[in-house]
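Visitor: I'd like to go over a predicted model; first the sequence, then the structure.
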Amino acid sequence: MYRILKREQIVPNIHLLVVESELIHKNAQAGEFVVVRADERGERIPLNLVDWDSRSVSMIFMALGTSTYKLAALKVGDEIATLAGPLGKPTEKVQGKNIVCIGGCYGIGALYPAIRMFKENKNHITTIIEARSGLLLYWQEELRKYSDDFYEITRDGSRGFKGHVNDFLINYIKKNKTDMVYVQGCTYLTYLVSQTTRPFNVKTIVGLNPIMVDATGMCGVCRVIVGGETKFGCVDGPEFDGHQVDWDTLLARRRVYLDKERYSLSFYECERYG
Amino acid sequence: MAKKIIPKKTPMREQPPKERAKNYDEVPYGYSEKEAMQEARRCLQCKKPICIKGCPVEIDIPGFIRFIAEGNFRGAIEKLKEKNVLPAVCGRVCPQEDQCEKICVLAKKFEPVAIGRLERFAADWERAHGESSVPKIPRSTGKKVAIIGAGPGGLTVAGDLIMQGHAVTIFEALHKPGGVLVYGIPEFRLPKAIVYREVDYLVKCGVALIVDFIVGKTATIDQLLRDFDAVYIGTGAGLPWFMNIPGENLNGVYSANEYLTRSNLMKAYLFPEYDTPIVRGKRVAVIGGGNVAMDCARTALRLGADEVHNVYRRSRKEMPAREEEIHHAEEEGIIFDILTLPVKYIGNENNWVKEMECIKMKLGEPDASGRRRPVPIDGSNFITPIDTAICAIGQSPNPLIPQTTPDLKIGKWGNIEIDSETGKTSKKGCWAGGDVVRGGATVILAMGDGRVAARSMHEYLTTGVW
Ligand SMILES: Cc1cc2nc3c(=O)[nH]c(=O)nc-3n(C[C@H](O)[C@H](O)[C@H](O)COP(=O)(O)OP(=O)(O)OC[C@H]3O[C@@H](n4cnc5c(N)ncnc54)[C@H](O)[C@@H]3O)c2cc1C
Ligand SMILES: Cc1cc2nc3c(=O)[nH]c(=O)nc-3n(C[C@H](O)[C@H](O)[C@H](O)COP(=O)(O)OP(=O)(O)OC[C@H]3O[C@@H](n4cnc5c(N)ncnc54)[C@H](O)[C@@H]3O)c2cc1C
Ligand code: SF4
Ligand code: SF4
Ligand code: FES
């Protein structure tokens, strides 16, 4: 069992979770994730590592379904059943490049270790975070620390640039030398950014989130098609070249359990709240 | 005076097929004390018991059987435990017909002694009558051993080395120990409580078990070697194979590992009480002819399928699954489509599998394995409607450890190469065995490998000579 050191809602529906672990930090690198299971009956779900130290690891998650609702109900001192990692391939290290880093929803947190690593490797970093509304943006201070330029985009214009990330990005790439784009967030965002950068031929690395079970390469549920080849998201990824990803298959495969997930959530809420 | 031999094994009672196809309870009930003693008396107590040679862990077979015949069941289980840390498991899942029972002298003329069933009986008797006491552990040698993987192989090494006085820590990637015994083999064939109980026994003996620890990621082997004097790699063959045919990434197409892991380890058959979902298909095709395929087919049936087809490219005779498993599957109503090979899955507009295209096969000349090679019959393609497909065509070792251990010699199938006399790998201080060396094999072979390695590890730990 793994003890919760902190759990707080940082913006509506998005939570920070800090769990005790003296082990995972030793080999942890940007781009890697952990598997957590809230309780003995829980699912194994992957969450990106957003930070770590010698006592703990931190994750940021969005409450969506049963597993994340269970996590959102945790209090300091509670325990979760599983915490395993670090998993996945770390973000590829590059040097002296102009990198645009984009994050949305839980991906804003997931950007943090990548930006820190990119900065340590002497890259020029432009960070863009986006949300529906300014209310949903977070961790600006943390991200600014490692960013050379920093932009916020909201669809309702309540903060920063009003509109969609793709409009902003097209403009940006046209005006600024961009060697690489790095994206963390929901499948729609990673897809959208990949489509936007394709005509400019700017290398685009996306953190994908296929469904997972073991996350060690044992079951194959996380398979994604990249460059026409089947890869396992958990061990060959989760970061891939967004221009090579077969998005239709990814989007479809994420929906396999949609009806069951909804049912599971209503079952959980019934059990919990009667 | 020559005793009269009863030609047939004492039968074991089973749940009726119609009933059991709807539940997860174990299929055979096991012997009663009376049945066990009756069966034990069939053993001739040979002076030179050749049956022992058929057992990879060299159980004193007539020894434990004699205790059962005399009604000394405690004596029987203690005898078994001298050589086998998992008797309740082996008695159930060992392919006895190819091992100990195959060479039992009785088998020449009659049915062999039901060694497996007797082994299971003794272990179950112990479970029902309270634990034998934990054996006395020798004084600590001060040496530390890391075992990677809590499958049957790793557990055997742990048991052997703790009894030599070494400090043993098992590192397991998943949240539960047991390896395939827990994530692969279904409850109705091997109740998980049995596996956990055997692991608990090791823990009581002093073995430290650390779950959620992925060697190669959480720590590499080289990092472990800073704290441990020796390492045993028993990580199994967990990388699932696909056929690389069109449509394999459609929704509803599973690997056997995913299907079984969801159902067994994650208890998806109890969804929504348990959170992990699984597709409960109505027309299910399971591809492959081994134990894994039988387990998938029988699981699909229990999850509520109307029709489960087992699709196999050779004939029934070549099926690698145990006879007992095929027989149980047939009884339960699995339909066998032999000499059939899927060539393509066809999806609907939502990317869900709706049909499978197959081609009929015929048997040609024998291939390298000695089995007749299946050859496609031109123009015999046909399409059959399905809503779930499970690919159970085999697996190979997971590359995580090889990728992060540069000086470990790896064979062309991704298997770790060892010296078969000792289990030593090419890396000093590291041994390996079981499925990570052999590819998919058996529980008892993994345990036999563990025994061989443990002997060599003990020697190294006491002499320091590699
Ligand atoms: C490598 C990897 C890293 C990840 N890192 C994080 C992370 O750091 N933080 C985090 O919050 N999540 C992360 N995810 C996604 C996370 O694992 C899922 O959100 C989680 O499994 C949801 O579980 P659940 O039971 O709460 O919801 P479910 O019951 O599985 O899902 C509820 C509903 O939400 C939909 N849904 C699920 N995920 C998303 C999504 N991302 N965007 C939009 N809709 C979705 C489902 O289709 C379903 O309809 C990551 C996934 C992967 C593969
Ligand atoms: C569905 C199925 C049915 C079977 N039926 C039978 C049968 O009836 N009879 C029979 O004799 N055999 C059967 N087998 C085969 C048998 O189960 C295996 O041969 C046997 O379990 C191999 O044992 P092992 O100890 O080598 O590895 P495994 O049992 O595979 O255990 C390996 C363990 O190592 C862990 N691991 C892997 N990588 C790492 C890592 N990097 N770090 C830490 N831990 C790691 C895994 O999670 C796993 O728990 C069956 C196999 C399957 C899949
Ligand atoms: S362990 Fe397996 S091979 Fe050995 S005696 Fe028991 S059933 Fe036979
Ligand atoms: S060979 Fe058969 S009859 Fe002889 S001791 Fe072994 S089990 Fe008994
Ligand atoms: S999650 Fe099972 S192989 Fe990737």
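Guide: Perfect, I can see it now. Ligands and ions are numbered 1, 2, ... in the order given.
Visitor: Could you use CA atoms for every contact and neighbour count after this?
Guide: Fine.
Visitor: For the residue of chain B found nearest ligand 5, give me its contacts.
Guide: In chain B, the residue that lies nearest ligand 5 is B:E258 (7.0 Å; C-alpha to the nearest ligand atom). With contacts defined as C-alpha atoms under 8 Å, 6 or more residues apart in numbering or on different chains, B:E258 is in contact with A:V213, A:M218, A:C219, A:G220, A:V221.
Visitor: Show me the subset of the residues you listed that also lies near chain B.
Guide: Among the contacts of B:E258, the ones lying near chain B by C-alpha under 8 Å from any C-alpha of the partner chain are A:V213, A:M218, A:C219, A:G220, A:V221.
Visitor: isn't B:D295 right next to B:I185, touching?
Guide: Yes: at 6.8 Å, B:D295 counts as touching B:I185 under the criterion of C-alpha atoms under 8 Å.
Visitor: hey, where'd the helices end up in chain A?
Guide: Listed in chain order, the helices of chain A (DSSP state H) span A:66-72, A:107-120, A:140-145, A:165-175, A:187-197, A:233-236, A:247-253, A:258-273.
Visitor: Can you lay out these as CSV showing distance to B:E97?
Guide: As requested, the helices of chain A are exported to CSV (distance: least, C-alpha to C-alpha, whole Å):
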stretch, distance to B:E97
helix A:66-72, 45
helix A:107-120, 54
helix A:140-145, 64
helix A:165-175, 65
helix A:187-197, 52
helix A:233-236, 39
helix A:247-253, 42
helix A:258-273, 42
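Visitor: Ok, which of the ones you listed comes nearest B:A432?
Guide: helix A:233-236 (22.4 Å; C-alpha to C-alpha).
Visitor: Tell me the gap between that closest one and the middle of its chain.
Guide: From the chain centre to the centre of helix A:233-236 is a distance of 15 Å (C-alpha atoms, centre = their mean, to the nearest Å).
Visitor: and residue 89, how many neighbours?
Guide: As the question left the chain open, I've gone with chain A. Residues contacting A:K89 under the criterion other C-alpha atoms under 10 Å in any protein chain shown number 20.
Visitor: ah, no, chain B please
Guide: 25.
Visitor: quick one: pLDDT of it?
Guide: Looking at B:V89, its pLDDT reads 94.
Visitor: check contacts around it.
Guide: By C-alpha under 8 Å, 6+ apart, B:V89 lies in contact with B:R120, B:L190, B:I194, B:V195.
Visitor: any idea which element B:D449 lies in?
Guide: helix B:443-463 (DSSP states H and E).
Visitor: re the thing from before, does any bit of whichever strand or helix holds the residue of chain B closest to ligand 5 sit next to ligand 2?
Guide: Assessed by DSSP H and E, B:E258 sits inside helix B:256-260. No: contact of helix B:256-260 with ligand 2 (C-alpha under 6 Å from any ligand atom) is absent, the minimum separation being 7.0 Å.
Visitor: Tell me the residues of chain A that contact ligand 5?
Guide: A:212-222, A:232-234.
Visitor: how about a cut-off of 8 Å?
Guide: A:211-223, A:232-235 (C-alpha under 8 Å from any ligand atom).
Visitor: buried subset of those?
Guide: A:211-223, A:232-235 (16 or more other C-alpha atoms under 10 Å in any protein chain shown).
Visitor: Let me see the mean pLDDT of stretch A:12-32.
Guide: Mean predicted lDDT for stretch A:12-32 stands at 96.
Visitor: Could you check how far it is from the centre of its chain?
Guide: For stretch A:12-32, the distance to the chain centre is 12 Å (C-alpha atoms, centre = their mean).
Visitor: ok now do the residue positioned nearest the centre of chain A, which residues does it touch?
Guide: The residue lying closest to the centre of chain A (C-alpha atoms, centre = their mean) is A:G107, at 3.8 Å. Applying C-alpha under 8 Å, 6+ apart, we find A:G107 in contact with A:V183, A:Q184, A:G185, A:C186.
Visitor: The second one: neighbouring residues, count only.
Guide: When counting by other C-alpha under 10 Å, one arrives at 29 neighbours for A:Q184.
Visitor: same check, this time on the last one
Guide: Close neighbours of A:C186, defined as other C-alpha under 10 Å, add up to 16.
Visitor: now swap in the first one and tell me
Guide: Per other C-alpha under 10 Å, the neighbour tally for A:V183 reads 29.
Visitor: So what pairs up with it in the strands?
Guide: In this entry, A:V183 is beta-bridged to A:I102, A:V206, by DSSP bridges.
Visitor: What score does it have for pLDDT?
Guide: Note on A:V183: pLDDT of 97.
Visitor: That one contacts A:G207, doesn't it?
Guide: Yes: if you go by C-alpha under 8 Å, A:V183 and A:G207 touch, sitting 6.3 Å apart.
Visitor: any residues in contact with both of those two?
Guide: Residues touching both A:V183 and A:G207 (C-alpha under 8 Å, 6+ apart) are A:T190.
Visitor: Which residue would be the closest one in the stretch 101-250 of chain A to ligand 3?
Guide: A:M218 (26.6 Å).
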